[in-house]
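Enquirer: Got a sequence here, can you model it:
(one chain, ligands or ions: 1)
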Amino acid sequence: MPITYDAEKRLFTLQTANTTLSFGVFDHGYLFSHYYGKKVKNADLSQLWQPGASGFTPNYDGAPDGRHALDVIPTEYPSYGGGDFREPAIGVEFENGSRLLDLVYQSHTIEKGNKEPDGLPGLSGGDETLEVTLKDAFTGLVVVLRYVVFADIDIIVRNSRIVNETGKPLYITRALSASLDLCEGKYDMISLYGGHCYERQICREPLRHGTQSVGSRRGTSSHFHNPFIALAAPETTETAGEVYAAALIYSGNFIAQADVNYQDAIRLQIGIHPADFRWKLENGDSFVTPEAVLTYSATGLNTMSQNFHNAIKYHLGHTKFRNAPRPVVINNWEATYFNFNEEKLLELIGSCNGLGIDTFVLDDGWFGHRDNDRSSLGDWFVDKNKLPHGLTPLIEKCEAQGMTFGIWFEPEMISEDSDLYRAHPDWCMRLEGRPYCRGRHQLILDLSRDDVEQYLEKVIGDILSTYRISYVKWDMNRHFTDAYSANLPADRQPEIFHRYVLNLYKLLGHLTETFPDVLFEGCSGGGGRFDMGMLYYDPQIWTSDDSDAIERLKIQYGTSLVYPPQAMTAHVSACPNHQVGRVTPFRTRAAVAMSAIFGYELNPLSLSEQERASIADQTAFYHSIQPLVMDGDFYRIVDPFTENSCCWMFVNKEKTEALLTYVQKLRIPYWHRKIKLTGLDPDATYYVDEIHGGVKFRAGGDVLMNAGMAIPCANDFEDKVFKITKVD
Ligand code: DGJ
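Expert: Model prediction:
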């Protein structure tokens, strides 16, 4: 039984394979947190919190001995007004202007399994769900806290539902998904920051007293910060030490923060960013917060990542592509940019014949009169100047070569030079009459409007039902400014960001259900919306517009903190690289891209004979290892942020097969790097086989993991890839 309730002690205990979370109902009805961490058998940990006096921390009404202050007691879902001066999880404004809340326990239910939240993506296949109903007696406001246990993968999902039973409308000003009060301790905060072409770099800094946060107010989760936060003990490494982590299944504005008080107690929170957010809740209505995915590992960062990876791989979304083989794609963007016509594309597709590439994806520029990025977004009909016979000749050419056809859309945008804009100038996000910003010369379609959502269902649906299309690349290339909707009343304007996200999910839900055989790939100027919300619909996301193999080491390594390699699209592109001008070996570019969902982003005709000839070998090799990349456990071995090389490995569940990829940044004379492997069976013997070199030997799993193996001296930007197979 993953979730139990001890009625006598009024104690809830949530158990996973290796962790325990517990909290209890205190005298007044407050929900006080007891513990989250390594599994304990007896979860009565009430001795841990000693509610007592603390200077300048007022005690709540009716507190035993008048000595209980919410400011120093760990609480499950803190609110404002009752003496807890730290960051609340919820904020409301009632009709009389009061913001005071006092949430106390009413009842609870424990049920088998879990239901995904209405209108929001969530994990499925949970073991048990606990819902605890809290109420503010003075106003009648109800808050239902929801916990779902995924026992074997050490994941606990949390979110809340705010129900207005006050008889009058109210405003929600803050609605976080999870708040976790941890006992005192010293931790580093780990987050993923970045920028365009520089996504998900790892930031690890010691926590200080006060509040430290990351977040996005850009309308999407963004390149700049990722909806994830971890607190790791200072000594925690990839393979040892404790770490708490939370990620949000949401694609819009978010906040992830840690607050440390003077007693060194920590409050970890994640949810929708409260800035630029206010939601009017009519009497009888409810508001559901996105799911927060929590995990705890006592065995280092690799375990934390694998817990998240397992949640994504086996519990997020319903697309049939989640764990099915994914196509090796060739995308024409870096090969042609906007400069193509039918003849050029047919030649490009023809050049792929016999190379083992599964799908040709036609990127930006096929619609309206889009010869550059100044026009046509919104006009999703084929440009007959470039493609006089439509898409059919391209599709037929692909199919004649045993390939399928994919296409690019940027549905959420509108160009001022478009028929759509001329017909519906009020469909974009801005305030009529006021000067407004452009990003990449384009405006954002106001997807908070239902008519815009319906229009997009229709136009994209028309293309997907007219043509045999197996793959959609869904792009989004600017962040929100002028966030104003011509369709919302004044007091609902601050709802625009969340309404946009809800309708985006509605649109993606509709399209992925209507076209279940189409694989959707997410993209936002590369990896600018790489989050679990998008991954629910799009099982893979274009990881970055920076396709340089050496830059990608850090980007893919950082991304893997939360997201599995089977969620990352990575392509071999031409050299000198278009983003950084670096020249790297063709083989290294492939080795890095093969550690994810593999493809090409180049014109095969521009390659040397030798490079072109190697594509068929690369695709054959990738097809043979893709099951490992999709389903295997991923281990980070050498950190490219701190070292002159990078190494990671995949190990299948049975621990009989592994793939080790090592990439040198710059050569060091005579340097044979020794690395210790992870994840193997210590009692098994393995055969280590260098794919393109002469290293071939047998060794025990215990030897490879404890003594390690030597990597032959590698040149600048050179890869060393090894297949490791259990022999007995
Ligand atoms: C940004 C994407 O990340 C690129 O891959 C490409 O699709 C361009 N947009 C096209 O405009």
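Enquirer: Other residues contacting stretch 331-349?
Expert: Residues from elsewhere that reach stretch 331-349, judged by CB atoms under 8 Å, 6 or more residues apart in numbering: 330, 360-365, 370-373, 386-389, 393-394, 397-398, 401, 403, 408, 473, 547, 571, 573-574, 578, 599-606. Just so you know, the C-beta spots here come from the backbone N, C-alpha and C atoms, and that holds for glycine as well.
Enquirer: Whichever of these end up buried, select them in PyMOL.
Expert: Of the contacts of stretch 331-349, the buried ones go into a single PyMOL selection, burial set by 16 or more other CB atoms under 10 Å:
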select buried, resi 330+360+361+362+363+364+365+370+373+386+387+393+394+397+398+403+408+473+547+571+573+574+578+599+600+601+602+603+604
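Enquirer: Of the contacts of stretch 331-349, which belong to helices?
Expert: 393-394, 397-398 (DSSP state H).
Enquirer: quick one: the nearest residue to residue 181 once chain neighbours are set aside and residue 418, what's the gap?
Expert: The shortest distance from residue 181 to any non-neighbouring residue, by CB to CB, 6 or more residues apart in numbering, is to residue 74 (3.4 Å). Going from residue 74 to residue 418 by CB to CB, to the nearest Å gives 54 Å.
Enquirer: A strand includes residue 324, no?
Expert: No - using DSSP: H, G, I helix; E, B strand; the rest coil, the secondary structure at residue 324 is coil, not a strand.
Enquirer: Any idea how many residues pack against it?
Expert: 10 (other CB atoms under 10 Å).
Enquirer: and what of the one 3 residues further on?
Expert: Around residue 327 there are 20 other residues, counting by other CB under 10 Å.
Enquirer: Which single residue of the stretch 101-250 of the chain ends up nearest the ligand?
Expert: Closest contact between the stretch 101-250 of the chain and the ligand, by CB to the nearest ligand atom, is at residue 196 (8.9 Å).
Enquirer: tell me the SS of the closest residue in space to residue 619 that isn't next to it in sequence?
Expert: Excluding its sequence neighbours, the residue lying closest to residue 619 (CB to CB, 6+ apart) is residue 356, at 3.1 Å. Of the three states, residue 356 takes coil under three-state DSSP.
Enquirer: Can you read off the backbone torsions of residue 110?
Expert: Phi and psi for residue 110, reported as degrees, to the nearest 10, are phi -130, psi 120.
Enquirer: Around it, how many other residues sit close by?
Expert: 18.
Enquirer: thinking it is in contact with residue 3, fair?
Expert: Yes - with contacts counted by CB atoms under 8 Å, residue 110 reaches residue 3, the gap being 5.1 Å.
Enquirer: anything in contact with each of the two?
Expert: 128-130.
Enquirer: can you pick the most crowded of the residues you listed?
Expert: That'd be residue 130 among the shared contacts of residue 110 and residue 3, by other CB under 10 Å, with 22 neighbours.
Enquirer: sorry, back to before: so which of the contacts of stretch 331-349 sit within strands?
Expert: 330, 360-362, 408, 473, 571, 573, 599-601 (DSSP state E).
Enquirer: As CSV, these with distance to residue 428 would be great.
Expert: Listed next are the ones in strands among the contacts of stretch 331-349 as CSV, based on distance: CB to CB, whole Å:
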residue, distance to residue 428
330, 34
360, 32
361, 27
362, 26
408, 21
473, 23
571, 32
573, 33
599, 33
600, 35
601, 30
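Enquirer: Dump those into JSON lines; add pLDDT and distance to the ligand as well.
Expert: Listed next are the ones in strands among the contacts of stretch 331-349 as JSON lines, based on pLDDT from 0 to 100; distance: CB to the nearest ligand atom, whole Å:
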{"residue": "330", "pLDDT": "98", "distance to the ligand": "13"}
{"residue": "360", "pLDDT": "98", "distance to the ligand": "14"}
{"residue": "361", "pLDDT": "98", "distance to the ligand": "9"}
{"residue": "362", "pLDDT": "98", "distance to the ligand": "10"}
{"residue": "408", "pLDDT": "98", "distance to the ligand": "6"}
{"residue": "473", "pLDDT": "98", "distance to the ligand": "6"}
{"residue": "571", "pLDDT": "98", "distance to the ligand": "9"}
{"residue": "573", "pLDDT": "98", "distance to the ligand": "10"}
{"residue": "599", "pLDDT": "98", "distance to the ligand": "11"}
{"residue": "600", "pLDDT": "98", "distance to the ligand": "13"}
{"residue": "601", "pLDDT": "97", "distance to the ligand": "8"}
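Enquirer: how far does stretch 80-98 stretch from start to finish?
Expert: One end of stretch 80-98 sits 11 Å from the other (CA to CA, to the nearest Å).
Enquirer: list the buried ones in it?
Expert: Quick answer for stretch 80-98 (16+ other CB under 10 Å): 80, 82-84, 86-92, 94.
Enquirer: which two from the residues you listed end up farthest apart in space?
Expert: Largest separation among the buried residues of stretch 80-98 by CB to CB: 86 and 94, giving 22.0 Å.
Enquirer: Which part of the stretch 351-500 of the chain gets nearest to the ligand, residue-wise?
Expert: For the stretch 351-500 of the chain, CB to the nearest ligand atom, closest residue to the ligand: residue 364, 3.5 Å.
Enquirer: Apart from its neighbours in sequence, what residue is nearest that residue?
Expert: Leaving aside its sequence neighbours, residue 364 sits nearest to residue 408 (CB to CB, 6+ apart; 5.4 Å).
Enquirer: Alright, that wraps it up for me.
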